[in-house]
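Undergrad: Provide a 3D model corresponding to the input given below.
(chains A and B)
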2 protein chains.
Amino acid sequence: MSQSAPAQPTETIRIPAQEMQQVFYKILLQQGFQDNKAARCAEIFTDNSVDGIYTHGINRFARFVEWIQRGWVKPENGPVRKGGSHALEQWDGQLGPGPLNALHATERAMELARSHGIGCVGLSNTNHWMRGGTYGWKAARGGFVFIGWTNTIANMPAWGAVDARLGNNPLVFAIPYGTEAIVMDMALSQYSYGALEQFKMKDQPLPVPGGYDAAGKLSSDPSAILDTRRILPAGYWKGAGLSLLLDLLAAILSAGSATHEITAREHEYAVSQVFIAMDLSFLQNRTFIQQTIEQIIQDYQSSIPEDPAGRITYPGERVLHTRENNLRQGVPVDKVVWDTVQKLS
Amino acid sequence: MSQSAPAQPTETIRIPAQEMQQVFYKILLQQGFQDNKAARCAEIFTDNSVDGIYTHGINRFARFVEWIQRGWVKPENGPVRKGGSHALEQWDGQLGPGPLNALHATERAMELARSHGIGCVGLSNTNHWMRGGTYGWKAARGGFVFIGWTNTIANMPAWGAVDARLGNNPLVFAIPYGTEAIVMDMALSQYSYGALEQFKMKDQPLPVPGGYDAAGKLSSDPSAILDTRRILPAGYWKGAGLSLLLDLLAAILSAGSATHEITAREHEYAVSQVFIAMDLSFLQNRTFIQQTIEQIIQDYQSSIPEDPAGRITYPGERVLHTRENNLRQGVPVDKVVWDTVQKLS
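TA: Numbering: from 1, shown residues only, chains lettered A, B, ... in the order given. Next up is the predicted model:
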């Protein structure tokens, strides 16, 4: 959970997306962003909020500004090419704003894919990209397949270990779907700390086990897990192993910091990321591809739901409804959060 | 669990790897394989057994031969290029032997990476590749990063559903490590049916929940899960969502069959696979890369194990010990399995 979100939710208000974006934009200008960078960054924080990913949108914005003020995020810096060649490039993010660096790397991977069919950009020395899905949606709406991930500070134990040495290293897969996209955006822990805190606040057990209690037993009690900080990798040994591989690849492909190096800094900056894009226009025609996707989704959604009133949704489907709703009614924001953001300007 | 493995284990014997490979080779020649193809395929089945992946080595061999006899695997066929260009190609496996098709696609992805830095091959109309790790080890020992996956017949429900519409779609990430490799080879179900059957046979509960019982409750009882056939995706909604994306990508990148189409055939053949390779020589020098990996593994292995006598291993590490042991002592094989294989010649 973002440091800028209140411990207890207060009143929820609805802020029109345009107004939110304008507020973000003005603040970012004041923080030293160039005009076009302020506009793009404000758009990303707004879109994340509109799409319902509040933890990496409105609820995170004040903390983002705080990190600029601490000097960990440098608004004047952007990515520069430092290595690689052909369809495999390495860029140095120079501690610039994470969302802008990541967007640039996504667009560069798309450019490489336009020339080679597939392209890969390793990005070192960058900052939190906020919502990984942002880059999946961006590439997929442009007709590209996207695979990307970031490493993080250590926040999850290896399998069979009690201390955190692995990051939850969010991993994104995206594919075009009509004018929209199917986007899987998953951290490799079963729950984020933010999610555990929300269940604790509501005094609810987790729907499935999320970590270990002090006795070393699998637990669905968010408080017990928050006490041990021994959260569960998604799929136990599987998520743990995958996290290690993603960190190795991020560090090597970007020639950047690994999780253990980020962790040694105590604050999560100068992380490493990977962006892979594939240009589907090198393959079948768009109609054939869309038919293939339609048929797969149709079969998937003909699943028998456990809850007779339930509906089997594909990754990214709910985002469309939230987006439509939030664009119509305004983005739901905790009043204290909105007041805090407004005071930044 | 392979159909050719006995319901109850009998006596375990040790077969020298060379002898095993020779037996496989002769049988494959008799099944219509060309000499060099028989040799390569025998080597893969032997190596999988030597590495301790018996389910996709010795224990699977008789079934592989059965599928040739049924006409689902065509020994005389191999992959032909059918589409794509530059670093993104599509091949048709023509129902040839899965391990040979997959090895060819891996080598082709490596070739593409040698030219472009990164290369991707979509392979349609192929057969079970046996052990996904085979292709990760192959590429990584050659100095390449490898990412690959296969789709499968439906064997796992979508999240919130009760009927199987998703495959467990094994996913492989591999990276060079000295002269060896770090290889993560994971199916997207928490346990395979084979693993559930082994726990049932030993009358042991699963270490972590593996599916649902008839009452729709999470269960660690292998028998209860085998009854409902409602196995658990690794990471619950995460493994389920990732499985859907991998199937979408496999079908599109190869212009091949999706899980629902494979499932409609009732037997798992003509599957779709993806092979991505990256040539690390386009990036830093080998020494720098190996140092980066060493440091990450060193930090990872300095984790505090839950069991004070325990050791935190990286994906692929145990394979090295099993390999050394099996090369020295011979591959452990159930006597009934070995008799069955020998009768095939």
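
Undergrad: from here on, contacts and neighbour counts on C-alpha atoms
TA: OK.

Undergrad: Helices along the stretch 201-345 of chain A, start to end?
TA: Here the stretch 201-345 of chain A has its helices, by DSSP state H, counting those that start in this stretch, at A:222-228, A:237-254, A:259-264, A:286-301, A:317-329, A:335-343.

Undergrad: For the host helix or strand of residue A:197, name the packing helices and strands.
TA: Assessed by DSSP states H and E, residue A:197 sits inside helix A:193-201. Using 3 or more Cα pairs under 8 Å, 6 or more residues apart in numbering or on different chains; DSSP states H and E, the elements in contact with helix A:193-201 are helix A:222-228.

Undergrad: burial of residue A:221, as a residue count?
TA: 22 (other Cα atoms under 10 Å in any protein chain shown).

Undergrad: sorry, that was for residue A:339
TA: Quick note: residue A:339 (other Cα under 10 Å) scores 11 neighbours.

Undergrad: for residue A:216, same thing?
TA: 13.

Undergrad: repeat for residue A:203
TA: That count, for residue A:203 with other Cα under 10 Å as the rule, works out to 12.

Undergrad: Next one: it from residue A:193, what distance?
TA: Residue A:203 sits 15 Å away from residue A:193, going by Cα to Cα, to the nearest Å.

Undergrad: Next, count neighbours for residue A:118.
TA: 32.

Undergrad: In contact with it, which residues are there?
TA: Residues counted as contacts of residue A:118 (Cα atoms under 8 Å, 6 or more residues apart in numbering or on different chains) are A:87, A:109-110, A:112, A:276-279, B:87-88, B:118-120.

Undergrad: ok, 6 Å please
TA: Contacts for residue A:118 (Cα atoms under 6 Å, 6 or more residues apart in numbering or on different chains) come out as A:277, A:278.

Undergrad: Which residues does it form beta bridges with?
TA: residue A:278 (DSSP bridges).

Undergrad: Kindly provide the distance from it to residue B:117.
TA: Where residue B:117 is concerned, residue A:118 sits at a distance of 10 Å (Cα to Cα).

Undergrad: before we move on, what about residue A:31?
TA: 39 Å.

Undergrad: what does chain A put close to chain B?
TA: A:84, A:86-88, A:116-117, A:160-163, A:234-235, A:282-283, A:303-306 (Cα under 6 Å from any Cα of the partner chain).

Undergrad: Buried ones among the residues you listed?
TA: A:84, A:86-88, A:116-117, A:160-163, A:234-235, A:282-283, A:303-305 (16 or more other Cα atoms under 10 Å in any protein chain shown).

Undergrad: Identify those among the residues you listed that sit within strands.
TA: Cross-referencing these against strands under DSSP state E gives A:84, A:88.

Undergrad: Need the contact partners of stretch A:247-254.
TA: The contact list for stretch A:247-254 (Cα under 6 Å, 6+ apart) reads A:90, A:122, A:123, A:124, A:151, A:257, A:258, A:272, A:273, A:274.

Undergrad: between the residues you listed, which is closest to residue A:79?
TA: Distance to residue A:79 across the contacts of stretch A:247-254 (Cα to Cα) is lowest for residue A:123, with 8.1 Å.

Undergrad: Check which residues of stretch A:335-345 are buried.
TA: Neighbour-count burial for stretch A:335-345 flags A:335, A:336, A:337, A:338, A:340, A:341, A:344 (criterion: 16+ other Cα under 10 Å).

Undergrad: ditto for stretch A:242-262
TA: A:242-262.

Undergrad: What of stretch A:302-322?
TA: Quick answer for stretch A:302-322 (16+ other Cα under 10 Å): A:303, A:304, A:305, A:312, A:314, A:315, A:316, A:319, A:322.

Undergrad: Next: stretch A:110-122.
TA: Buried residues in stretch A:110-122 (16+ other Cα under 10 Å): A:110-122.
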